[in-house]
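>>> When you get a sec, could you give me coordinates for this:
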Amino acid sequence: MKIVVIGGTGLIGSKLVHILGEQGHDAVAAAPSTGVDTITGEGLADVMAGADVVVDVSNSPNLDDTAKEFFRTATTNLLAAEQAAGVGHHVALSVVGTAEMAEQSGYFQAKLDQEQLIGQGPVPYTIVHATQFYEFLKTLADSATDGDTVRMPPKYFRPMAAADVAKGLAIAAVNPPVNGITEIGGPVEVLLPDMMRIALAARGDHRTAVSDPSSKYWGIDLGERTLVPGEDATLFDTSFEDWALQTAASS
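Numbering: from 1, shown residues only. Next up, the predicted model:
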């Protein structure tokens, strides 16, 4: 199959292109650096020619209210180009807990708007909700740092490796569209402050992670299990410890 990966040069996209290529598919990395721009529409018609599936893992450059315009424009242009080219399956990466978090976050409202555009659009689809990536734990820690203390709400999540996110997307891409949402997650359900302590120690980071019920997650008051996928989620087995060792070995 010809599978076009929008955002195919990024963290998830590059891994997905590699996996699909190893499986024998014609995987095409589409990004502004390869001449494809979902905002202006440049290169979309050409890259869609002969495509069976499009996987969108692109993200807004800003994680605030301005993300709404990015996702609205990019998704509208993508779906129109896919329909014109006869693409049979649109796969999009989103986040576990999006609908709940949208009530307090412009970024997650933008993601929810994107999901609704896809659901109402002309192309059969699968939306893949993933949990948080190990790769972003440092960024999360930085966002919650007060002096030498990282304040995390005592809420559960099920983080996963970016490579496993790519595997989950590859599964969705080569299977028929579900016209709904599927969920993927990591091997262990853990409290945010507990995982943060492990992540900081693994990096030799001397900040202290504490459980703070009044703290927020990217400005959001989380429910206890907002970030936890449902019982039907596909779970991958790369542990944080194994991921940290692999990351250290390759750096």
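
>>> all strands for this structure, in order.
Counting by DSSP state E, the chain has strands at residues 2-6, 26-30, 53-56, 89-95, 125-130, 145-146, 149-152, 156-157, 180-185, 190-191, 208-211, 234-235.

>>> Residue 58 contacts residue 5, doesn't it?
No: using Cβ atoms under 8 Å, residue 58 is not in contact with residue 5, being 9.3 Å away. The way it works is simple: take the backbone N, C-alpha and C, and place the C-beta from them, glycine included.

>>> Overlap of the contact sets of these two?
Shared contacts of residue 58 and residue 5 (Cβ atoms under 8 Å, 6 or more residues apart in numbering): residue 13.

>>> So which of those two has more stuff around it?
residue 5 (31 against 26; other Cβ atoms under 10 Å).

>>> What score does the nearest residue to residue 224 once chain neighbours are set aside have for pLDDT?
Spatially, and ignoring its direct neighbours in sequence, residue 224 is nearest to residue 155 (5.6 Å; Cβ to Cβ, 6 or more residues apart in numbering). At residue 155, the predicted lDDT confidence score is 98.

>>> What's opposite the residue nearest to residue 55 when sequence neighbours are not counted in the beta bridge?
Leaving aside its sequence neighbours, residue 55 sits nearest to residue 91 (Cβ to Cβ, 6+ apart; 4.3 Å). Going by DSSP bridges, residue 91 is paired in beta bridges with residue 55, residue 126.

>>> separation between residue 91 and residue 243?
From residue 91 over to residue 243 the distance is 24 Å, taken as Cβ to Cβ, to the nearest Å.

>>> which one of these two has more residues nearby?
Applying other Cβ under 10 Å to residue 91 and residue 243 shows that residue 91 carries more neighbours, namely 28 against 21.

>>> Can you name the residues that contact residue 196?
Residue 196 makes contact with 137, 140-141, 150, 152, 209 under the criterion Cβ under 8 Å, 6+ apart.

>>> switch the cut-off to 10 Å
Taking Cβ atoms under 10 Å, 6 or more residues apart in numbering as the contact definition, residue 196 lies against 137-138, 140-141, 144, 150-152, 190, 205, 207-211.

>>> tell me which of the residues you listed is nearest to residue 166?
For those, the minimum distance to residue 166 (Cβ to Cβ) is 17.9 Å, reached by residue 137.

>>> Distance check, the closest residue to the closest one other than its chain neighbours against residue 33.
Closest residue to residue 137 apart from its sequence neighbours, by Cβ to Cβ, 6+ apart: residue 199 at 4.3 Å. Taken as Cβ to Cβ, the spacing of residue 199 relative to residue 33 amounts to 30 Å.

>>> which one of these two has more residues nearby?
residue 199 (20 against 10).

>>> Touching, that one and residue 133? I think so.
No: in this structure, residue 199 is not within contact of residue 133 by Cβ atoms under 10 Å, at 11.6 Å.

>>> How many residues are close by residue 204?
Using other Cβ under 10 Å, the number of residues around residue 204 comes to 6.

>>> the bottom helix or strand of this structure by mean pLDDT?
Least confident helix or strand of the chain, by mean pLDDT, DSSP states H and E, is helix 240-250 with a mean of 89.

>>> Give the buried residues for stretch 48-57.
Neighbour-count burial for stretch 48-57, with 16 or more other Cβ atoms under 10 Å as criterion, is recorded at 48, 51-57.

>>> how about the strands of the chain in JSON lines, adding distance to residue 106?
Formatted as JSON lines, the strands of the chain follow (distance: least, Cβ to Cβ, whole Å):
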{"stretch": "strand 2-6", "distance to residue 106": "22"}
{"stretch": "strand 26-30", "distance to residue 106": "26"}
{"stretch": "strand 53-56", "distance to residue 106": "20"}
{"stretch": "strand 89-95", "distance to residue 106": "14"}
{"stretch": "strand 125-130", "distance to residue 106": "19"}
{"stretch": "strand 145-146", "distance to residue 106": "22"}
{"stretch": "strand 149-152", "distance to residue 106": "22"}
{"stretch": "strand 156-157", "distance to residue 106": "21"}
{"stretch": "strand 180-185", "distance to residue 106": "21"}
{"stretch": "strand 190-191", "distance to residue 106": "27"}
{"stretch": "strand 208-211", "distance to residue 106": "27"}
{"stretch": "strand 234-235", "distance to residue 106": "29"}
